[in-house]
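**Student:** Sequence and computational prediction follow.
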Amino acid sequence: FEMRQTAFARDHGYGARDVVRVDVARDRFMDALQALGREPDFFGVDGLNRCCRQRQPQECEEDGLGKHGAQSITTPIGQWEFNCNKAMPKIHLCFLWHMHQPFYKDLVSGEYRLPWTRMHALKDYYGMVRILEDFPQIRQTFNLVPSMIVQVEEYARGEARDPFLACALKPAESLTPAEHTFILRNFFMANVARMINRYPRYAELYTAHNAQSAVNDMKNDMKGVFGPQEFRDLQVLSQLAWFDEEFLEHDSEVRALVEKGRNYNLEDQALMGRKQREICAKVIPEYRKLAASGQIEISTTPFYHPILPLLCDSDIASVAHPHVPLPPRFCYPEDARLQLEMARDYVKKTFGVAPVGLWPSEGSVSDHALELAAAAGFEWAATDNGVLDRTLRRAATPEVTYRPYRWSQRDRQINMIFRDHVLSD
């Protein structure tokens, strides 16, 4: 049938001139449409009377149908074959999720300087791998930085000393003026449209805070606006906003907190804290399970996320930037080797599979760094196509970028893939 409604055709992936060939009688096709829940006239008012039973192969190809394109649709009245499959282009697409946060723990004080490892463990690190269980045919690669996973482990054990979490769990009636200021400065650090505005009470508090801050010349003097109840609601909602959809939808206790919406009490506060530890504790087992099943591959990064080429030899910077001022030479390739070996051993111990893939810290590579990676047992590495551009001394166009490469020197080799910088960023 000719597609008379061009907008409908375009929305469903057909071109304006595409023709659907249906080798069935008009009445039975009407029944099929009804079984599929479609309006009989969705091809146009007179479309059903314009059945093209015979078309030349050349015409079909011109319309993008292919010579033998056929789609089988099973309905309650039997199977129908429609010659309507377009010759769609295909691409092998590799998703490589780079999970990284800096090492936020201050090794002198023992405190975490920022909360982002915990927050992303609540929102991303578990949920992004858990959802793959609903799509068993999809396989993806997750790059896990060991120094980040070490932090997740500490949160899961309840051993992390996080002042942000401590302020979120402290009874609002006991907060000091300094803690009031800390909360107001840090507990609105979330996307306003998608996270804060999702919760009406959180949005109210955000609006009130902004209005009062403007009046008080940004001094955060909130006397008369934020009392204990306002602070407790902020303490709870600022954390709930980061919870993954998996828990917001399927965890009855979390869902009850969301539905309550406001006027939280101490028990609610304690529950919010307990759930955070519970979620953090689920992260590593979920990756371990899907790695064991083969649905995901786990790659890794040098343990503490060092810039390997500079660790091998800081003078390598002059290769990419010939006139850059350099500090006194720093050359410790044995440390670079140790960072790679520690990362590989840690991932094998923690997730049960020795990684063969490497995302070098910040995508930084050099011949020396790749030689060390290959010697440590890594078989492939990924970096940015900006590096490919500089290496080949020509533009890393799609034709150049979208293919694998092999680096080799002496008796070492490692396969390489390059991300599209613009697309990835």
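**Tutor:** Okay, I see it.

**Student:** all strands for this structure, in order.
**Tutor:** Assigned strands in the chain, in chain order: 21-22, 71-75, 78-83, 96-99, 140-144, 296-300, 357-358, 380-384, 405-409, 412-419 (criterion: DSSP state E).

**Student:** which of those is buried the deepest?
**Tutor:** Comparing those by mean neighbour count (mean count of other C-beta atoms under 10 Å), strand 357-358 ranks first with a mean of 24. All C-beta spots, glycine's among them, are computed from the backbone N, C-alpha and C.

**Student:** what does that one rub up against?
**Tutor:** Under the criterion C-beta atoms under 8 Å, 6 or more residues apart in numbering, residues 141, 143, 297-301, 340, 373, 378-382 lie in contact with strand 357-358.

**Student:** out of the residues you listed, who's nearest D162?
**Tutor:** D162 has its nearest neighbour among these in T301, at 23.1 Å by C-beta to C-beta.

**Student:** which ones are touching the closest one?
**Tutor:** Counted by C-beta under 8 Å, 6+ apart, T301 has contacts 100, 143-146, 343, 358-361.

**Student:** next one: E249
**Tutor:** R255.

**Student:** same deal with P360?
**Tutor:** Taking C-beta under 8 Å, 6+ apart as the criterion, P360 is in contact with 301-302, 308, 369, 373, 381, 383.

**Student:** at 6 Å instead, please
**Tutor:** L308 (C-beta atoms under 6 Å, 6 or more residues apart in numbering).

**Student:** how near is it to V319?
**Tutor:** The gap separating P360 from V319 is 16 Å, by C-beta to C-beta, to the nearest Å.

**Student:** Kindly report the same for S109.
**Tutor:** 39 Å.

**Student:** Next: R198.
**Tutor:** Plainly put, R198 is 48 Å away from V319 if you go by C-beta to C-beta.

**Student:** Ok, L107 next?
**Tutor:** 33 Å.

**Student:** higher neighbour count, these two?
**Tutor:** V319 (12 against 7; other C-beta atoms under 10 Å).

**Student:** measure that one to H368 for me?
**Tutor:** 11 Å.

**Student:** likewise A396?
**Tutor:** Distance from A396 to H368, by C-beta to C-beta: 23 Å.

**Student:** And for R403?
**Tutor:** Distance from R403 to H368, by C-beta to C-beta: 25 Å.

**Student:** more neighbours, those two?
**Tutor:** Per other C-beta under 10 Å, whichever of R403 and H368 has more neighbours is H368, with 18 against 9.

**Student:** So for the more buried one, what's the nearest residue that isn't a sequence neighbour?
**Tutor:** Spatial nearest neighbour of H368, excluding adjacent residues (C-beta to C-beta, 6 or more residues apart in numbering): C312 at 4.3 Å.

**Student:** try C331
**Tutor:** Nearest non-adjacent residue to C331 (C-beta to C-beta, 6+ apart): D313, at 4.7 Å.

**Student:** Then H120?
**Tutor:** H120's closest residue in space is Q101 (C-beta to C-beta, 6+ apart), at 6.5 Å.

**Student:** Quick one: low-confidence residue ranges for the stretch 1-150 of the chain.
**Tutor:** Counting by pLDDT under 70, the stretch 1-150 of the chain contains low-confidence ranges at 1-86.

**Student:** From the contacts of strand 357-358, pick the one nearest N263.
**Tutor:** Distances from N263 to these, taken by C-beta to C-beta, are shortest for N143, at 42.4 Å.

**Student:** Would you confirm that the closest one contacts C94?
**Tutor:** No: counting by C-beta atoms under 6 Å, N143 stays clear of C94, with 11.8 Å between them.
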